[in-house]
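Colleague: Build me a model from this:
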Amino acid sequence: MRKYCFIVFLFAVNSVFSQQVEYDSIVPLEPYNFVLGTNGIAGKYQFTNESKLIEIAKHIRGMGSNILKISLGKKSPKSYRLSVNHVETTLELFQAVPDYKEVFDMDFKYIFAWVHTLTDVKWKQRINKHEEKQLYNEMFEFATYLLKEYNNSGKTFMIGNWEGDWLLHKGFNRNMTPSKDHINNMLKWFQIRQKAIDDAKRKTKHTNVCLYHYIEVNLVKKGMLGKACITKDILPKVDVDFVSYSSYELIKNKTYEEKKIALEQAFNFIEKQLKPKKNLPFSRRVYLGEYGYHANIRKPQSFQKQFDETKEIMKISLELNIPFALHWQMYNNEYQKNGISKEMSLIDEQGKKRPLYYLHQNFYKKMNSYLKSFKKENNVYPSSEEFRKKALEVLEVL
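Modeller: Okay, here's the model as predicted:
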């Protein structure tokens, strides 16, 4: 225990006082979907006196990405080293902390946000008529705000939840069978959120700004086996826009071909559960909200394996034509019981930008250059198919 506390203390000291990490310079990006991104969900350290939220967002943008993913939940201010007084809705939180708007105002084209609820509604237990109205109003107000505030910005907002099957399975027990009441309450929660966003889009005059609702799942294998989970029991009954898949259950200890087959089967299964929906911007409605691999500082060879497997998922994502694949993540938040890092970050605890950081950065540089040249030559951007073909060629030599 003493050793663990000492390690954490060193991290804390390093986080507060170190100025080792420099932001890479911001290069103008073509307004195109680069598909491959990362997560900016806090982390256990930082290196500047800015909030962790702004620090991480600047690193993501400096790396060359136009995709930002953050958290807007009850615990997010603390995790991002932000100060906030009592707030009761997501919009109140957003407006009470200027840092949220600062990162939303940066030139990210795609912004993902975990949005659960800041109301006192305990939806897992029940949702009565009054609580239904609370949840609806909270999401409707936030969605309306985004559409008005970012009207004609060219931005796309993706609002959804963190790994939903863990919200459905008590104690992170994948082998349990959720009760029908719990499933029905979650179904109602998702239906309310989707309706609020659809209504906000219908009732709010807006142009050149997009807003969509996604549901994140993480136990798809259960559904494929006919067992209770979000994919099987809830998705068919919600008019949801997109589905995010936190994919750890399918990407470990497999060859490239095995991973590709497993993910393709999962994507196809998820999409078969979805109600048809018009006017969506991508040909596929499921994407990778999280993927990533551990490494071990005591086993140097594990970092090469981590790099290779990450690159494989990037390639598979492009080959399977999903709209996004978001790596977990910029700053690490995964540790063993003895305090040793699981090394899942693009920038480590000592402020070092790791090979995975440069893998992403070099991809963005080459693809941005390709998009500029293509547009200059053809007066239009490449099709998605042309982009992905070029992206796979680029990844092959990185």
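Colleague: need the next SSE after the helix or strand of the chain with the lowest mean pLDDT, C-terminal direction.
Modeller: Every helix and strand in the chain was compared by mean pLDDT, DSSP states H and E; the lowest is helix 2-17, with a mean of 38. The element immediately downstream of helix 2-17 (helix or strand, assigned by DSSP states H and E) is strand 36-38.
Colleague: what about the next helix or strand after that next one, average pLDDT?
Modeller: Sequence-wise, the next helix or strand beyond strand 36-38 is helix 52-63, with elements assigned using DSSP H and E. Taken as a whole, helix 52-63 has an average pLDDT of 98.
Colleague: now stretch 339-353
Modeller: Throughout stretch 339-353, pLDDT has a mean value of 96.
Colleague: any residues touching that stretch, and which ones?
Modeller: Contact partners of stretch 339-353, identified using CB atoms under 8 Å, 6 or more residues apart in numbering, comprise 3-4, 7-8, 11, 14, 18, 20-21, 38, 43-45, 47, 59, 63, 292-298, 302-303, 306, 327-336, 354, 356-357, 360. C-betas here are computed from N, CA, C, even on glycine.
Colleague: repeat for stretch 315-324
Modeller: Contacting residues not belonging to stretch 315-324 are listed as 33, 35-37, 67, 110, 242, 256, 259-260, 263-264, 267, 281-284, 286-289, 325, 384, 388, 391-392, 395-396 [CB under 8 Å, 6+ apart].
Colleague: before we move on, back to that, would you mind checking the contacts of stretch 339-353 for buried ones?
Modeller: Neighbour counting with 16 or more other CB atoms under 10 Å marks 7, 11, 14, 21, 38, 43-45, 47, 59, 63, 292-293, 295-296, 303, 306, 327-333, 335, 354, 356-357, 360 as buried within those.
Colleague: Can you tell me the closest non-neighbouring residue to residue 235?
Modeller: Using CB to CB, 6 or more residues apart in numbering and skipping the chain neighbours, the partner closest in space to residue 235 is residue 273 (4.2 Å).
Colleague: OK, contacts around the one you found?
Modeller: Neighbour list for residue 273: 223, 231-232, 235-236 [criterion: CB under 8 Å, 6+ apart].
Colleague: Of the residues you listed, just the buried ones, PyMOL syntax please.
Modeller: A single PyMOL command selects the buried members of the contacts of residue 273 (16+ other CB under 10 Å):
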select buried, resi 223+231+232+235
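Colleague: Show me what the top strand by length along the chain is packed up against.
Modeller: Identified as the longest strand of the chain according to DSSP state E is strand 210-217. Using 3 or more CB pairs under 8 Å, 6 or more residues apart in numbering; DSSP states H and E as the contact definition, the elements that strand 210-217 packs against are helix 129-149, strand 156-160, helix 164-168, helix 180-203, helix 230-233, strand 242-246.
Colleague: Skip ahead from it and say which helix or strand is next.
Modeller: Next along the chain after strand 210-217, taking DSSP H and E as the criterion, comes helix 220-224.
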